[in-house]
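**Student:** What shape does this take:
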Amino acid sequence: MKKENISIIILAAGKGSRMQSSKAKVLHTISGKPMLYHIIKESRKISDDVTVVVAHQKEAVREAMQNYFTDIHFAIQDAQKFPGTGGALKNVSPKNEKVLVLNGDMPLITAESLQGFLEIDADIIMSIFDLHDPNGYGRVIIKEGHVEYIVEQKDANDAELNTTTVNAGVYAFSKDIICKYIPRLSNDNAQKEYYLTDVISMAKEDGMSIIPLLVDEEHFKGVNSKKDLAVAEEIMQDRIRTKWMNAGVTMQLPSTIYIEDGVVFEGECIVENGCRITGESKIINSHIKAGSVIEESVIKNSDCGPMAHVRPLCYIEDSHIGNFVEVKKSILKGVKAGHLSYLGDAEIDEGTNIGAGTITCNYDGIKKYKTYIGKNVFIGSDSQLIAPLTIKDDVMVAAGTTVTSQEIKSGNLVLSRTKIRFVKDFYYKFFKKK
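**Tutor:** Numbers count the residues shown, from 1 in each chain. The predicted structure follows:
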């Protein structure tokens, strides 16, 4: 998408008290990424000059965003001296002649949904909704295609209350408007805040052109509560799933599948119902079966599940991971692990079969250790592989064996069992005492 000659300011300074959380509102996640991340990502598609205004938990917000973006600016709002949406712009110096002001709690905005602000030539472009039930919103009064004024619901007369047009909270200003009117804002109101909406009334008095832009509620929906967060998550998930189904991924009962923003699919992939795929996972020509969880891993030419759990930092290729198998920080190439196993901190090579109940014992309570298993190894059921351990190619480990030797040479059978004993009539003697 073409970068435009526009500066974008994102207001991310508020506490978000209605979220009932100690975390800054803009850091609550949607599809695996903070709300603010989604807005910045879309903003950078159309602008090279993006500024985020921060105040509440400013260092946490800045640090979180710098994990993803290195080319954005931050401005600090003096919320004590200049509270409010207008006060947020006091310390911002946009580079370009057109300035788009977004809110940090609108994670569903897309670059495409912002195009209208780029196409209209006016001193101020003001976003509006047309709601069936505008109760609780300030009304926007429009005459002959221009905004006349904004009136809060509590101050509106009957005619104004019948208006269904409301303020959506996103604006495009000419740079001259910002420079002229932001310094003139007053906090002479009940809340003692500096309101960005006051710029509209001042500009109107001076004869500036103020054009309304009708936007859809889905893209410009604000998130102010955990309920709003859940609704936004559903919308974002539907977008992500639709994107990948349009790209050729088969999904069974897609509404039950959760896929995070950074996940990538390549080739012919199937995702069954109830799956969760997170982080920067990459699924290539693979089948993820019902109820499986894939976290921050690569699955290539393989099938996982049902009810498999692939934890972060796994690379699984040409392998079968069956039901109730958990894999963590491991590399598996050409491996069969059919069921009921834990494979952690392991590297396992092609042709190897992992029997049911096999565990790599990778943690001694202080440190974690690796297990290396070569090619064509047969691990019998209910075996414990105590790391650090290397099992060379062409080895058999008998069922029920605890492998404690640090290296098993090729061609060996490993067998560790106690001799079976029978105590005659013990059952009868034992329960008789009860």
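**Student:** Now Tyr315, what are its backbone angles?
**Tutor:** Backbone torsions of Tyr315, given as degrees, to the nearest 10, read phi -130, psi 110.
**Student:** Hmm, it is touching Val298, no?
**Tutor:** Yes. If you go by C-beta atoms under 8 Å, Tyr315 and Val298 touch, sitting 4.9 Å apart. Just so you know, the C-beta spots here come from the backbone N, C-alpha and C atoms, and that holds for glycine as well.
**Student:** Which positions in the helix ranked longest in the chain come out as buried?
**Tutor:** Longest helix in the chain by number of residues (criterion: DSSP state H): helix 226-246. Applying a neighbour-count criterion of 16 or more other C-beta atoms under 10 Å, the buried positions in helix 226-246 are Asp228, Leu229, Ala232, Glu233, Ile235, Met236, Gln237, Ile240, Arg241, Trp244.
**Student:** give me every residue that touches the fourth one.
**Tutor:** Going by C-beta atoms under 8 Å, 6 or more residues apart in numbering, Glu233 touches Ile30, Ser31.
**Student:** Give the buried residues for the strand or helix carrying Leu118.
**Tutor:** Leu118 is part of helix 115-119 when elements are defined by DSSP states H and E. Taking 16+ other C-beta under 10 Å as the neighbour-count basis, helix 115-119 is seen to contain the buried residues Phe117, Leu118.
**Student:** And it, what does it pack against?
**Tutor:** strand 124-130 (3 or more C-beta pairs under 8 Å, 6 or more residues apart in numbering; DSSP states H and E).
**Student:** how about a cut-off of 10 Å?
**Tutor:** strand 6-11, strand 98-103, strand 124-130, strand 165-174, strand 210-214 (3 or more C-beta pairs under 10 Å, 6 or more residues apart in numbering; DSSP states H and E).
**Student:** Show me the strands in the stretch 1-150 of the chain, by range?
**Tutor:** Under the criterion DSSP state E, counting those that start in this stretch, strands of the stretch 1-150 of the chain are mapped to 6-11, 29-30, 33-34, 49-54, 73-76, 98-103, 124-130, 139-143, 146-151.
**Student:** Now do the third one: distance to the chain's middle.
**Tutor:** So the one you mean is strand 33-34. Centroid displacement of strand 33-34 relative to its chain, using C-alpha atoms, centre = their mean, to the nearest Å, is 4 Å.
**Student:** before we move on, what about the second one?
**Tutor:** Computed by C-alpha atoms, centre = their mean, the separation of strand 29-30 from the middle of its chain amounts to 5 Å.
**Student:** same deal with the last one?
**Tutor:** Once both centres are worked out by C-alpha atoms, centre = their mean, strand 146-151 turns out to sit 37 Å from its chain's centre.
**Student:** partners of that strand in the sheet?
**Tutor:** Strand 146-151 has its sheet partners listed here by DSSP bridges as strand 139-143 (antiparallel).
**Student:** Could you report the neighbour count for Asn5?
**Tutor:** When neighbours are counted by other C-beta atoms under 10 Å, Asn5 registers 12.
**Student:** and the closest residue to it other than its chain neighbours, what is it in contact with?
**Tutor:** Here the nearest residue to Asn5 in space, its sequence neighbours aside, is Asn96; by C-beta to C-beta, 6 or more residues apart in numbering that works out to 5.2 Å. Contacts here follow C-beta atoms under 10 Å, 6 or more residues apart in numbering; on that basis Asn96 touches Glu4, Asn5, Ile6, Ser7, Ile8, Ser47, Asp48, Asp49, Lys175.
**Student:** wait, doesn't Gln384 sit right on Ile359?
**Tutor:** Yes. With contact defined as C-beta atoms under 10 Å, Gln384 and Ile359 form a contacting pair (5.3 Å).
**Student:** Can you show me the helices along this structure?
**Tutor:** Under DSSP H, the chain gives helices at 35-44, 58-66, 115-119, 158-161, 175-181, 197-205, 226-246, 426-433.
**Student:** Could I get the buried residue list for the fifth one?
**Tutor:** Buried positions in helix 175-181, judged by neighbour count with 16+ other C-beta under 10 Å: Ile177, Ile178, Lys180, Tyr181.
**Student:** This completes my enquiry, with thanks.
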